[in-house]
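[1] sequence plus the predicted model coming up.
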Amino acid sequence: MKKLTAAIIVITMLICLPCLSGCENSTGDITAIIAEMQYHPQAPEEQTHIRIGALVGPYADMVTQIIEPALVSLDYTVEVVIFSEWDATNLALAEGEIDLNLFQHSVFLNNSKYEHNLALSAIAEVPTASLVLLSERYESLEQIENGATIALPGDATNLARALRTLREAGMITLNIHSDITRVTLDDIASNPRELSFNLVDGFGLYREQIAESDAVVMSGGRAYASDVNLSDALYSEVLQDGFMIVAAVRTDDLARRYVCDTLGVIHSEEFKSAIVEEGSPFSGFQRPRSFFMRGDI
């Protein structure tokens, strides 16, 4: 029996490794994925219908515009299931109501797995919308004048991210003794351009947020919903490890053919080209490391 199990593992890895090889450094640990495949070596009957869960926004569009057509070309039928709540999307995946989801970063996935005791695994990162600095008055960071007014999201989490983004862009510095995850306007150590700041509803659309300001730091998702191409940003937040959006599946399904094929689609040259081509709404998204592993775009 052990020899038979080992043979199944070898066959599964030979089938899936061409897809998984491009995943190293994108989900963080390819060896962990292979180990989980070895722990679940059964080869259940393969399916040709894939139900993909997402929330309304860029990642649902990424599925319908790029991933779904590629899977259809591999003779799958694809059903996109739209959810309105983050946790519900993971619970539906764990309970078998969908087969894969694409909406969350690894930090949220890991917290959700811990909180609800879910056996889910991330298989790949995809291009991700980060916070962006946008303006209709200025065309570059250098053009931002002394005394300009910048709109920032008013909620604590995104305000802290926005201030870190302005620090990354060289616009301000922050108190080195402050908790970087909770900084507020009071934690600004230096503001050489004497910028003024308006706190606005971070869930509003672009026109609402920038109405009384010269520029705005806003969520990439809200900018996308406002039909703003993130490539037009003066500056984009550099996402830290764990905050790229990931495709997730049930851990028991890691050895399934549809998982390998989906992984192959996400790491394909066709997927990358569709992301970066002129006019693509995703061209300004931060790209995962997998995009650059083989001298790619």
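    Received it, and whenever you're ready, just let me know what you need.
[2] give me the neighbour count for residue 63.
    The burial count assigned to residue 63 is 23, neighbours taken as other Cβ atoms under 10 Å. (Each C-beta comes from the backbone N, C-alpha and C, glycine too.)
[3] residue contacts, it?
    Residues counted as contacts of residue 63 (Cβ atoms under 8 Å, 6 or more residues apart in numbering) are 52, 54, 78, 80, 102.
[4] tell me the secondary structure for it?
    Of the three states, residue 63 takes helix according to DSSP: H, G, I helix; E, B strand; the rest coil.
[5] quick one, domains of the protein?
    Listed by automatic domain parsing, the domain ranges of the chain are 2-128+241-292, 132-236.
[6] okay, the ones you listed in TSV with mean pLDDT next?
    Formatted as TSV, those follow (pLDDT from 0 to 100):
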stretch	mean pLDDT
domain 2-128+241-292	83
domain 132-236	95
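[7] please pick the buried ones from the contacts of residue 63.
    Buried members of the contacts of residue 63, scored by 16 or more other Cβ atoms under 10 Å, are 52, 54, 78, 80, 102.
[8] quick one, what contacts residue 153?
    Applying Cβ under 8 Å, 6+ apart to residue 153 gives the contacts 159, 161-162, 199-202, 209, 217-219.
[9] farthest pair within the residues you listed?
    Pairwise distances across the contacts of residue 153 (Cβ to Cβ) peak at 15.5 Å, for the pair 161 and 201.
[10] what about these two, which has more around it?
    residue 161 (23 against 13).
[11] against residue 199, how distant is that one?
    Residue 161 is 14 Å from residue 199, where distance means Cβ to Cβ, to the nearest Å.
[12] can you put the contacts of residue 63 in a markdown table and add distance to residue 272 and secondary structure?
    As requested, the contacts of residue 63 are exported to a markdown table (distance: Cβ to Cβ, whole Å; DSSP: H, G, I helix; E, B strand; the rest coil):
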| residue | distance to residue 272 | secondary structure |
| --- | --- | --- |
| 52 | 19 | strand |
| 54 | 20 | strand |
| 78 | 20 | strand |
| 80 | 21 | strand |
| 102 | 16 | strand |
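[13] dump those residues into CSV; add distance to residue 184 as well.
    As requested, the contacts of residue 63 are exported to CSV (distance: Cβ to Cβ, whole Å):
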residue, distance to residue 184
52, 39
54, 33
78, 44
80, 39
102, 33
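[14] what is the nearest of the residues you listed to residue 151?
    Set against residue 151, the nearest of the contacts of residue 63 by Cβ to Cβ is residue 54 (28.5 Å).
[15] find the nearest non-adjacent residue to the closest one, please.
    Counting by Cβ to Cβ, 6 or more residues apart in numbering, the nearest residue to residue 54 once its immediate chain neighbours are dropped is residue 60, at 3.9 Å.
[16] ok, that neighbour to residue 109 distance?
    17 Å.
[17] quick check: closest non-adjacent residue to residue 132.
    Per Cβ to Cβ, 6+ apart, closest to residue 132 is residue 233, 3.8 Å.
[18] backbone dihedrals for that neighbour, please?
    Backbone torsions for residue 233, taken as degrees, to the nearest 10, come to phi -70, psi 140.
[19] which residue ranges of this protein form helices?
    Taking DSSP state H as the test, the helices found in the chain are 2-20, 30-39, 58-62, 68-72, 86-94, 106-116, 156-168, 206-210, 220-225, 257-266, 269-276.
[20] who wins for proximity to residue 241 among the ones you listed?
    Set against residue 241 and scored by Cβ to Cβ, the helices of the chain come closest in helix 106-116, at 8.1 Å.
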